[in-house]
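In: okay, sequence plus prediction incoming.
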Amino acid sequence: MGLWEQVPALVGVVVGAVGSIAAAGAAEKSRWRRARAERWDEKRFQIYVGYANALKAQIRIAQRIGAARGFANVVDPLEPVQGLVLLAEAESRRAAEWESVLLVGDAETVAAARTWHEAVWNVELYARGLRTDPDGWAAAEQAMSRARDAFYARARRDLGIAGPPPPSGNWPRPWQVEDGGAGTG
């Protein structure tokens, strides 16, 4: 058998080797991208949870101060003198968490997070004694609850979590209104 008769077989071996290397490289690149996306999904999840927890702590303090000021739907009052110090500390924690949300969140999730913390600031106006209308307090709490729900829905979409978001946390709860116990929580 001459050298020229072996050329097609050698070309086949070279083409097969190049194809195999290219396919292995593409598969490895795909695995790397998938692993990187999973790492960022986990990081975004942790950041969204941290932000939500910081904001919930801030909300709870504002609501407790509101209870001390006589607003409905909250128990366990916290005197404004000590509560306002805690509220300032909670705002500092929230602001630190916010920077992480800005870094990793998509535009819609960031917008929903901003709407939520602005709604919390509105409730804080009542906690700080800058607003005193009980109906305004109730409206501010409802707006805050809707903003929270919107943030969770948007964060779930950004994280690829299937299914509907959790039920709304609107206040007062239906059972509070039905029982006439809207002043307890």
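Out: It's in. Treat the numbers as computed from the prediction; the structure is a model and nothing was measured. Numbering: from 1, shown residues only.
In: now R131, what's its secondary structure?
Out: Under DSSP: H, G, I helix; E, B strand; the rest coil, R131 falls in the coil class.
In: tell me the pLDDT of the nearest residue to it once chain neighbours are set aside.
Out: Once flanking residues are discounted, R131 sits nearest to L125: 4.6 Å by CB to CB, 6 or more residues apart in numbering. (C-beta placed from N, C-alpha, C; glycine too.) Predicted confidence (pLDDT) for L125: 97.
In: what about L125, distance to A155?
Out: Distance, L125 to A155, by CB to CB, to the nearest Å: 26 Å.
In: out of these two, which sits in the more crowded spot?
Out: The neighbour count for L125 versus A155, taken as other CB atoms under 10 Å, is higher for A155 (25 against 15).
In: so what's the nearest residue to that one once chain neighbours are set aside up against?
Out: Nearest residue to A155, sequence neighbours excluded (CB to CB, 6+ apart): Y48, at 4.6 Å. By CB atoms under 8 Å, 6 or more residues apart in numbering, the residues touching Y48 are 101, 105, 109, 155, 158-159.
In: with pLDDT and distance to P77 added, can I get these in JSON lines?
Out: Shown next, in JSON lines, are these (pLDDT from 0 to 100; distance: CB to CB, whole Å):
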{"residue": "V101", "pLDDT": "97", "distance to P77": "31"}
{"residue": "G105", "pLDDT": "95", "distance to P77": "35"}
{"residue": "T109", "pLDDT": "97", "distance to P77": "34"}
{"residue": "A155", "pLDDT": "96", "distance to P77": "31"}
{"residue": "D158", "pLDDT": "94", "distance to P77": "37"}
{"residue": "L159", "pLDDT": "93", "distance to P77": "36"}
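In: name the residues that touch the helix or strand that contains the residue nearest to R131?
Out: Assigned by DSSP states H and E, L125 falls within helix 107-127. With contact meaning CB under 8 Å, 6+ apart, helix 107-127 is reached by 48, 51, 55, 58-59, 61-63, 65-66, 69, 71, 80, 83-84, 87, 94, 98, 101-102, 105, 131-132, 136-137, 140-141, 143-144, 146-148, 150-151, 153-155, 157-158.
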